[in-house]
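> Any chance you could fold what I've pasted below:
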Amino acid sequence: MAVWVDALRGTLVILIIMIVAGAIAYVGDRVGHQVGRKRLTLFGIRPRYTSTIVAVGTGVVIALSVTLIAILFSQQVKTALFRMNQISAEISQLQNREHDLESKVNNGQLVQPVGGLMFPLFGSIPRGLPIDQRLKRIKQFYTDAVRFINATYPALGLRPYKIPADIDRQLSQVYGDPRVTDVSQATDLVMLIIADQNLYKNDDVHFELTILADQRIFTTHQPLASFEIPGGPTASLNLALGQLQQQVVNVALNEAKLPAALANTVPVVQGYPSATQMQTMLRSGTGRYVLSAFAAQDIYPHTGGVPIVVTLTQAK
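Numbers count the residues shown, from 1 in each chain. Predicted coordinates:
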């Protein structure tokens, strides 16, 4: 669809240029003709040459006027006339960057995937903490995280993180915002350090300091996901559990809006019956079974993931 729109736009531009060019030629010719008929002279030049000069000058003035109007009212025309070399250079840089990124993805050594936790500890901010103390806690957590990152990730191939000179101003500007204060008055907050992009060997360290309202997301025994699986000698409990855990991940991401670093952590803490008994039920049975996941406890962001209890029952 976009290709057709671009083609139509280009065709219309060509038609407009043709019409404008024809109009300029016509007006220039008529003005020159009228000057020639009246035998006017310019600076003592013979009338026939005067008419030619007037015709050409009229065309130039009209063309210049049209061009100036186009420049004033069209950003695309202005860009095409005055920034084409800059745009070409930017396109070349982006193409080189794309090539480098493709090479990195295909051949590079991934150290930390996007969304992964880069600091294993969580920071906490109690509800109602005054803004100055809140910012102090955030700065301390940030400093501890940077110390851990620079002690851990350079050995894995990443370049050390450099703390910006204006970090105090940045933290105060972002986390001293009244909206953060409003949330902190209503609930505890939890802090995480998350990779904001895929990090490959020899990359500079990048991360994001994320602050979440530490509210209950799921209650104990809350149903999270379930699906039916057929019994039989080829049934695989491990494969079914993997599918069930992925369903829980999707619920945590899309419904609970948990960060990927937390949503992707779905440990099975208990099974009813046990895993061995589940496998026996599946492979010895011939009917259909329901594999279900329930929240193993009240789950908050500080829980660090979504622990689940799994049950296997005969489908009705």
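> three-state assignment of His221?
What DSSP: H, G, I helix; E, B strand; the rest coil gives for His221 is coil.
> From Val309, how far off is the residue nearest to it when sequence neighbours are not counted?
Distances taken as Cβ to Cβ, 6 or more residues apart in numbering place Phe294 nearest to His221, at 5.1 Å, with adjacent residues excluded. Backbone N, C-alpha and C define where each C-beta goes, glycine included. For Phe294, the distance to Val309 equals 5 Å [Cβ to Cβ, to the nearest Å].
> Quick check: neighbours shared by the two?
His221 (Cβ atoms under 8 Å, 6 or more residues apart in numbering).
> Skipping adjacent residues, who's closest to Gly157 in space?
That would be Lys201: by Cβ to Cβ, 6+ apart, it lies 3.5 Å from Gly157.
> quick one: contacts for that neighbour?
108-109, 111, 156-158.
> Swap in 10 Å and give it another go.
Neighbouring residues of Lys201 by Cβ atoms under 10 Å, 6 or more residues apart in numbering: 104, 108-111, 156-159.
> Out of the residues you listed, which sit inside strands?
110-111 (DSSP state E).
> Looking at the contacts of Lys201, which has the smallest pLDDT value?
Among the contacts of Lys201, Lys104 carries the lowest pLDDT, at 62.
> So the residue nearest to His221, which state does it fall into?
strand.
> where does the stretch 101-250 of the chain dip in pLDDT?
101-107 (pLDDT under 70).
> And the strands in it, which stretches?
110-112, 123-125, 189-194, 199-200, 208-213, 223-230 (DSSP state E, counting those that start in this stretch).
> Looking at those, which one is packed in the most?
Counting by mean count of other Cβ atoms under 10 Å, strand 189-194 has the highest mean neighbour count of these, with a mean of 23.
> Now do that one: distance to the chain's middle.
The chain centre lies 19 Å from the centre of strand 189-194; the measure is Cα atoms, centre = their mean, to the nearest Å.
> send the alpha carbons of that strand over as PDB?
Only the C-alpha atoms of strand 189-194 are listed here, as PDB (Å, rounded to 0.1, in the frame of the first residue of the first chain):
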ATOM      1  CA  LEU A 189       8.600   1.100  45.400                       C
ATOM      2  CA  VAL A 190      11.100  -1.500  44.100                       C
ATOM      3  CA  MET A 191      14.200  -0.700  42.000                       C
ATOM      4  CA  LEU A 192      15.700  -2.900  39.300                       C
ATOM      5  CA  ILE A 193      18.700  -2.600  36.900                       C
ATOM      6  CA  ILE A 194      17.700  -3.900  33.500                       C
END
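> ok, back up a step: tabulate the contacts of Lys201 (CSV), appending distance to Phe227.
Compiled in CSV, the contacts of Lys201 are given as follows (distance: Cβ to Cβ, whole Å):
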residue, distance to Phe227
Lys104, 37
Gly108, 37
Gln109, 36
Leu110, 31
Val111, 35
Leu156, 38
Gly157, 40
Leu158, 40
Arg159, 45
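> By neighbours, which of the contacts of Lys201 wins?
For the contacts of Lys201, the largest number of neighbours (other Cβ atoms under 10 Å) sits with Leu158, at 22 neighbours.
> And Met118, how close does it get to Asn150?
Using Cβ to Cβ, Met118 is found at 11 Å from Asn150.
> more crowded one of these two?
Neighbours per residue, other Cβ under 10 Å: of Met118 and Asn150, the larger number sits with Met118, 23 against 16.
> Quick one: residues contacting the more buried one.
Met118 neighbours (Cβ under 10 Å, 6+ apart): 112, 145, 148-149, 152-153, 158, 161, 192-196, 199, 205-208, 261.
> try it again with 8 Å
Here Met118 is in contact with 112, 145, 149, 153, 193-195, 205, 207 (Cβ under 8 Å, 6+ apart).
> again with Gly304
Here Gly304 is in contact with 122, 262, 265 (criterion: Cβ under 8 Å, 6+ apart).
> helix, strand or coil for the residue nearest to Thr313 when sequence neighbours are not counted?
Leaving aside its sequence neighbours, Thr313 sits nearest to Val290 (Cβ to Cβ, 6+ apart; 5.2 Å). Assigned state for Val290: strand (three-state reduction, three-state DSSP).
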